[in-house]
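Undergrad: how does the following fold in three dimensions:
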Amino acid sequence: VFGLVLTLCSLITGPCMLFFAFVGIRGLGQGSLSLVSLTSIANWFLLKRGRMMSFVTLIFALFHGVYVNVLRILLETMDWRQVFIMLGIGVGVIVVPVFGLLMRDRPEDYGLLPDNMQPSKTKNDGTVEFDEESWTLNEAMRTPILWIFMFAKMLPSAWGTGLILHQISIFAELNHSSQTATETYALMSLFSAISAIGFGYMVDTFKPSWVVVIQMSAMMIANILGIYMTETWLLVVYAISFGLVMGVGGVFDGAVWANLYGRQHQGSIRGFVFTSGV
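TA: All right, here's what the predicted structure looks like:
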């Protein structure tokens with residue numbers, strides 16, 4: 001469906017269609033596909049969950065740094081409608097077969113456990129179990145920390161998305177070219193990848209609240225610099241701070257919900273948090 005929505009974006013003729021296209025891209029791409037992927041990875045790891053999420057965030061950030069500049073080149077050489085068709089076909093031809101062939105939901109379905117742990121019980125059908133505390137969505141919603149962390153996730157979703165969507169115009173008002181804007185985004189992706197590596201270990205070791213404090217501080221710095229970054233060195237600081245927001249946020253959001261509330265109901269908990277964030 002995501003591939004179909006991307007293809008249909010080539011038919012946009014007005015603000016109403018643009019609105020539904022944006023909702024479709026956000027809901028299906030950044031929403032449901034991220035939800036499925038992160039939930040599956042969290043199912044396969046427990047003690048090393050943060051580190052694995054840092055690896056995922058690293059790959060995601062490096063990919064971001066490449067494809068934004070590739071899209072800029074395509075948009076300079078092709079009609080934007082043709083670019084949307086290419087993206088839709090690419091999802092259908094590449095992403096759908098990869099998911100269908102390689103996706104594995106839970107290790108228990110294959111007689112395994114997270115981190116290759118030893119089972120506490122083996123069922124008659126060959127599946128295995130181990131002792132793990134799991135909270136339902138209703139139980140999780142009665143804990144204040146869920147709402148605090150969810151609010152911390154909403155802020156980068158709102159402010160961060162605003163900065164990214166308007167990055168070309170923000171840079172133009174500060175007398176920077178669109179090429180500088182996309183190159184800075186690539187630099188942001190690089191710093192996002194670097195920060196993800198270190199903070200994967202932090203999520204596994206330290207209190208998650210400290211990780212949130214670091215992310216929110218970096219978000220504040222990025223917003224302030226969005227007004228004043230007329231010098232080149234300030235662009236680098238902006239890229240570092242924004243990259244920190246993305247890198248820390250990706251690792252934190254991927255690991256914290258399963259760490260706090262267990263794996264059994266993490267899909268419904270993540271879904272609630274993702275919906276609120278979008």
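
Undergrad: would you mind measuring from residue 76 to residue 53?
TA: According to CB to CB, to the nearest Å, residue 76 stands 35 Å off from residue 53. All C-beta spots, glycine's among them, are computed from the backbone N, C-alpha and C.

Undergrad: and the two? Which one has more around it.
TA: With neighbours defined as other CB atoms under 10 Å, residue 76 and residue 53 compare such that residue 53 has more, 27 against 9.

Undergrad: isn't the more buried one up against residue 254?
TA: Yes: counting by CB atoms under 8 Å, residue 53 touches residue 254, with 3.5 Å between them.

Undergrad: which neighbours do the two share?
TA: 38, 41-42 (CB atoms under 8 Å, 6 or more residues apart in numbering).

Undergrad: how about the strands in the stretch 101-250 of the chain?
TA: Along the stretch 101-250 of the chain, the stretches classed as strands by DSSP state E, counting those that start in this stretch are 121-122, 128-129.

Undergrad: just to revisit the earlier point, and of the shared contacts of residue 53 and residue 254, the nearest to residue 271?
TA: Closest approach to residue 271 among the shared contacts of residue 53 and residue 254 (CB to CB): residue 38, at 11.2 Å.

Undergrad: okay, and the closest one sits in which element?
TA: Assigned by DSSP states H and E, residue 38 belongs to helix 34-44.

Undergrad: quick one on the thing from earlier: how about the shared contacts of residue 53 and residue 254 in JSON lines, adding pLDDT and neighbour count?
TA: Shown next, in JSON lines, are these (pLDDT from 0 to 100; neighbours: other CB atoms under 10 Å):
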{"residue": "38", "pLDDT": "84", "neighbour count": "22"}
{"residue": "41", "pLDDT": "88", "neighbour count": "17"}
{"residue": "42", "pLDDT": "88", "neighbour count": "23"}
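
Undergrad: ok, of these, which one's closest to residue 247?
TA: Distances from residue 247 to these, taken by CB to CB, are shortest for residue 38, at 14.7 Å.

Undergrad: so how far is residue 269 from that closest one?
TA: Taking CB to CB as the measure, residue 38 falls 12 Å from residue 269.

Undergrad: for stretch 255-270, measure first residue to last.
TA: Its first and final residues considered, stretch 255-270 spans 11 Å by CA to CA, to the nearest Å.

Undergrad: any residues touching it, and which ones?
TA: 35, 38-39, 42-43, 49-50, 53, 106, 114, 132-137, 139-140, 145-146, 149, 200, 203-204, 208, 273.

Undergrad: what's the answer for stretch 86-96, then?
TA: Outside stretch 86-96, the residues that touch it by CB under 8 Å, 6+ apart are 2-10, 74, 78.

Undergrad: can you tell me the average pLDDT over that stretch?
TA: Confidence over stretch 86-96 (mean pLDDT, whole number) is 93.

Undergrad: measure how far that stretch is from the centre of its chain, please.
TA: With CA atoms, centre = their mean, to the nearest Å as the basis, stretch 86-96 stands 19 Å off its chain's centre.

Undergrad: flag every buried residue along that stretch.
TA: Within stretch 86-96, the residues scored as buried using 16 or more other CB atoms under 10 Å are 86-88, 91.

Undergrad: same check, this time on stretch 225-244
TA: Using 16+ other CB under 10 Å as the test for burial, stretch 225-244 gives 225-226, 229, 235, 238-244.
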